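In: Next input, structure requested:
(2 chains)
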Amino acid sequence: MIPLGFYLVVSAILFSIGAYGFLIKRNIITLFMCIELMLNAVNLSFVAFARYYALLDGQVFVFFVMAVAAAEAAVGLGIIVALFRNRQTLNVDETNLMKW
Amino acid sequence: MDGSLALEIPQIFPEIALSVFGIAILLLDTFLPKSKRHAATGIALAAIALTAVFTLGLVGEDGTFFSGMIVVDGFSIFLRITFLVVGALTVLASSSYATRENLAVGEFQALVLFAIVGMNLMAASNELIMIFLGLETLSIASYILLGIKRSDAKSNEAALKYFLLGSFSSAFMLYGIALAYGATRTTNLEAIGREIAAGSAGMTLIYVAVGLLFVGFGFKVAVVPFHVWTPDVYEGAPTPISAFMSVGPKAAGFAVLVRVLMVAFPAAYAKWLGLVWLSAVLTMFVGNCVALVQSNIKRMLAYSSIAHAGYILVAVATRNQEGVAALLFYTLTYALMNIGAFTIVSLVSRQGDRKTYLDDYAGLGFKQPGLAAALSIFLLSLAGIPLTAGFAGKFFIFRAALESKFVWLAIIGVLNSAISVYYYLRVIVVMYMKEAPDDWSPVAMSSSAIAVIALSVLGILQFGIFPDMLISLARSSVIGYR
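Out: Sure thing, here's the model as predicted:
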């Protein structure tokens, strides 16, 4: 059996890739995918812990995360479509009407 | 507390009522002819009144329900009432705004109700799962509210920024929850506390989890260094929603922060105190100093709301009942003054939210003295001038800090209040000492906006001159708070 630590390391790496991508990428859709990657990295941790402890609540939590991520995706894509209609761009550097 | 689930349902009647009415408004909005759709405001207010009755019926309850998912105690009931006040004022303030800006009133009010459901669940949650669900209910409703002016590029941008950074921070919070679950085998706050106290949890994982959770909540309540989204989002948002965002989610975020830190992680106090201390100091300084140089009043109020988050963090750092009572007092009174101020900003900005600069307030004191006087009271209260609720709130927080021997936090807080007086007074000076421009157009008033302003002024003076009533209520709410 693969030990728990392996799953956690993979999960941490995936989470870091997502967070790094969020910080360096400029396309809004790519940013959105990076966030999804981070959420799925968390899901991996939950499932690994739940399996290791033979408890079910970790797995139930994953369902909640997936359901919420789906709802967020619906709203988020709606916002992105509205923004694209007004601005014809998906580059975050060009969405800069407001700055300090 | 055991019992069948059906018997426990009254504990969440407030949330059920709000959800049912929210859905009803959405349905009615589809079937009613366009001319009658403004009825949504009345329905939303009725829903809030009914919910308040249900919530007050819970006073005196103390226990956990639904297998430890929901906790009903004085703290959560006080906060539920605070959220209802915030919601009622937002509904009132946005009814005339939505008409003026040609927005869908029904969707607007229904989303405000759903956002209150999320905040209520956050305040009443005793489980990391419930906290996550409440937070996301609130967040998703507020993403839509921020972007509800679909054809307005600034509103789109505000919604996008809050959406991206909000989900980014949610991911951090979730990772924190996963690690806390991994370290303690449970997501129940009390059980986490017990596991840590029993010494059966890996402390390294716990520290990382606390850090990640702080990142997640820090974003929601806008404390430095997680505050960068705040000014852009408040500036671009429809103004009543800026008001709502600056008080509602902030109070809910602090409620969760307090409960998580005090119930689940008291054993890690020495570690998280450092985080909270540093963040409080930075938040107060950054908020106040950057607010000094703002020329757009919505951005100025955004930085001011960052600074106020810093004051509330001082109350969190004290970790005693007096501090939590001060936090409850502060969040409620802060809600009154900030919603009041933003409501006037929304009136003065005219159609399309164009006039939001400081110069647009020139001469307001002569042209519309009542409006200017009300705005002055809100700003003086935000600055913490005596006889206003803002002063009483700051007094209670700093006294709690002194009692817990956080002398430096109290000194830095008072110093920061002094800095903040400058930028609040600047608006008053512009209103009363500058001539109005020649092309002055009068500010259109509406009865609902006047109601919001009058209620806020009354509340501020009432709780400022006689703070005893509210603070003793807050103190009795946190008795037995663990």
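In: Every contact and neighbour count from this point should use C-alpha atoms.
Out: OK.
In: count of residues packed around residue 8?
Out: Picked chain A for this. A:Leu8 sits with 20 neighbouring residues when counted by other CA atoms under 10 Å in any protein chain shown.
In: sorry, should have said chain B
Out: Other residues close to B:Glu8 by other CA under 10 Å number 16.
In: Skipping adjacent residues, who's closest to it in space?
Out: Once flanking residues are discounted, B:Glu8 sits nearest to B:Phe65: 6.5 Å by CA to CA, 6 or more residues apart in numbering or on different chains.
In: Specify the beta-bridge partners of that neighbour.
Out: B:Ile70 (DSSP bridges).
In: quick one: it and B:Asp73 touch, right?
Out: No - the pair B:Phe65 and B:Asp73 does not pass the contact test of CA atoms under 8 Å, sitting 10.9 Å apart.
In: check contacts around residue 93.
Out: Using chain A. A:Arg26 (CA atoms under 8 Å, 6 or more residues apart in numbering or on different chains).
In: actually it's chain B I care about, not the one you picked
Out: Taking CA under 8 Å, 6+ apart, we find B:Ala93 in contact with B:Pro240, B:Thr343, B:Ser448, B:Ala449, B:Val452.
In: number of nearby residues for B:Ser96?
Out: Neighbours of B:Ser96 (other CA under 10 Å): 20.
In: what do you get for the one 4 residues further on?
Out: As a burial measure, B:Arg100 scores 12 neighbours (other CA under 10 Å).
In: I'd like the distance from it to chain A, if you could.
Out: 21 Å (CA to the nearest CA, to the nearest Å).
In: Relative to B:Thr41, how far out is that residue?
Out: From B:Arg100 over to B:Thr41 the distance is 14 Å, taken as CA to CA, to the nearest Å.
In: sorry, back to before: give me the neighbour count for the residue nearest to B:Glu8.
Out: 22.
In: got it, and B:Gly63?
Out: By the measure other CA under 10 Å, the count of residues near B:Gly63 is 11.
In: From B:His227, how far off is it?
Out: To B:His227, B:Gly63 is 35 Å away according to CA to CA.
In: where's B:Asn102, which helix or strand?
Out: Counting by DSSP states H and E, no helix or strand carries B:Asn102.
In: need the contact list for the residue lying closest to B:Ser476 once chain neighbours are set aside.
Out: In space, and not counting its chain neighbours, B:Ser476 is closest to B:Gly74: 7.5 Å by CA to CA, 6+ apart. B:Gly74 is in contact with B:Val59, B:Gly60, B:Glu61, B:Asp62, B:Ser476, B:Ser477, B:Val478, B:Ile479, counting by CA under 8 Å, 6+ apart.
In: Please list all residues in contact with the spatially closest residue to B:Asn120 that is not a sequence neighbour.
Out: Sequence neighbours aside, B:Arg80 is the residue nearest to B:Asn120 in space, at 5.5 Å (criterion: CA to CA, 6+ apart). Each residue near B:Arg80 by CA under 8 Å, 6+ apart is listed here: B:Thr55, B:Met119, B:Asn120, B:Ala123.
In: count of neighbours near the residue in the stretch 351-482 of chain B positioned nearest to chain A?
Out: When scored by CA to the nearest CA, the stretch 351-482 of chain B has B:Thr356 as its residue closest to chain A, at 13.2 Å. Applying other CA under 10 Å, we find 20 residues neighbouring B:Thr356.
In: right, and it touches B:Asn296 too?
Out: Yes - judged on CA under 8 Å, B:Thr356 makes contact with B:Asn296 at a distance of 5.8 Å.
In: Check the spacing between B:Val256 and chain A real quick.
Out: In terms of CA to the nearest CA, B:Val256 sits 19 Å off from chain A.
In: Now that residue: which helix or strand?
Out: Going by DSSP H and E, B:Val256 is part of helix B:239-259.
In: buried residues in that helix?
Out: By 16 or more other CA atoms under 10 Å in any protein chain shown, the buried positions in helix B:239-259 come out as B:239-259.
In: In stretch B:409-429, which residues are buried?
Out: B:409-410, B:412-414, B:416-417, B:419-421, B:423-424, B:427-429.
In: Listing request: residues of chain A with sub-threshold pLDDT.
Out: Residue ranges of chain A with pLDDT under 70: A:99-100.
In: longest helix anywhere in it?
Out: The residue-count maximum for a helix in chain A (DSSP state H) belongs to helix A:57-87.
In: Pull the distance from that helix to the chain's centre.
Out: How far helix A:57-87 lies from its chain's middle: 9 Å, per CA atoms, centre = their mean, to the nearest Å.
In: which parts of it are buried?
Out: Per 16+ other CA under 10 Å, helix A:57-87 contains these buried residues: A:57-59, A:61-62, A:65, A:68-69, A:72-73, A:75-76, A:78-83.
In: Report the secondary structure state of B:Arg350.
Out: coil (DSSP: H, G, I helix; E, B strand; the rest coil).
In: burial of it, as a residue count?
Out: B:Arg350 is flanked by 18 other residues according to other CA under 10 Å.
In: Could you list the contact residues of the stretch 51-200 of chain B toward chain A?
Out: B:129, B:133, B:136, B:140, B:143-144, B:147, B:150-154, B:156-157, B:159-160, B:163-164, B:167-168, B:171, B:174-175, B:178-179, B:181-182, B:185-186 (CA under 8 Å from any CA of the partner chain).
In: Can you name the two of the contacts of B:Ala93 that sit furthest apart?
Out: B:Pro240 and B:Ser448 (12.4 Å; CA to CA).
In: CA atoms only: put stretch B:189-200 into PDB for me.
Out: Output of stretch B:189-200 as PDB, limited to C-alpha atoms (Å, rounded to 0.1, in the frame of the first residue of the first chain):
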ATOM      1  CA  LEU B 189     -14.300  22.700  16.600                       C
ATOM      2  CA  GLU B 190     -14.800  21.500  20.100                       C
ATOM      3  CA  ALA B 191     -13.400  18.100  19.300                       C
ATOM      4  CA  ILE B 192     -10.400  19.700  17.700                       C
ATOM      5  CA  GLY B 193      -9.800  21.600  20.900                       C
ATOM      6  CA  ARG B 194     -10.100  18.400  22.900                       C
ATOM      7  CA  GLU B 195      -7.700  16.500  20.700                       C
ATOM      8  CA  ILE B 196      -5.100  19.200  20.900                       C
ATOM      9  CA  ALA B 197      -5.500  19.500  24.600                       C
ATOM     10  CA  ALA B 198      -5.100  15.700  25.000                       C
ATOM     11  CA  GLY B 199      -1.800  16.000  23.100                       C
ATOM     12  CA  SER B 200      -2.700  13.400  20.500                       C
END
